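Enquirer: Kindly generate the corresponding structure for this input.
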Amino acid sequence: MTARTQVLDRAVGQAMSAVSAAAKRGLGDPALAELVVIRASQLNHCAFCLDMHLAVARGLGVSERQLDLLAAWEEAEDAFDERERAALALTEAITVLTDGFVPDEVYEKAAKHFDEARLAHLIALVVAINNWNRVMVSRRVPPGGYTP
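Expert: Next up, the predicted model:
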């Protein structure tokens, strides 16, 4: 496996960073945002993004228990509240579009926990991290290059 050093054109990288930052701000819950981006990064096997966002999550005080159980969040019912579970289910549905759409029940459950604006920001955040994951995985950017 060869690392491909140039990740993105500067303007594209800045635009992607701006979308990510706006989505996180609009969601209004930094810890939840990190759980969402970590879960998408797990699904997409993006070591760089996992390394980066796990460090950010720890810095925000996200519990080690949540981080340890995130890959199996559905079975770890007592580790995640209903709002977090709804966000994680939506994250998975958007990240893995096996049926070509997000199931109505997943979307409706998320809509019960997030107002329209926050739901839009949550969706934008999932789309943004999927974008980053695909760039970093396709460029084979190794973990360890992020410093908080």
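Enquirer: Let me know the secondary structure of the residue nearest to the spatial centre of the chain.
Expert: With distances taken as CA atoms, centre = their mean, V37 lies nearest the centre of the chain, 1.5 Å away. Under DSSP: H, G, I helix; E, B strand; the rest coil, the three-state class of V37 is helix.
Enquirer: so it sits right up against A124, yeah?
Expert: No. Applying CB atoms under 8 Å, one finds V37 not in contact with A124, separated by 11.8 Å. Placement of C-beta: from N, CA and C, glycine included.
Enquirer: Give me the buried stretch members for the longest helix seen in the chain, please.
Expert: The longest helix of the chain (DSSP state H) is helix 116-139. The neighbour-count check on helix 116-139 (16 or more other CB atoms under 10 Å) flags 118-119, 121-126, 128-130, 132-133, 135-137 as buried.
Enquirer: And the residues you listed, which is closest to F80?
Expert: L122 (15.0 Å; CB to CB).
Enquirer: Just list the residues touching the closest one, thanks.
Expert: A23, L27, V36, A87, L90, A110, F114 (CB atoms under 8 Å, 6 or more residues apart in numbering).
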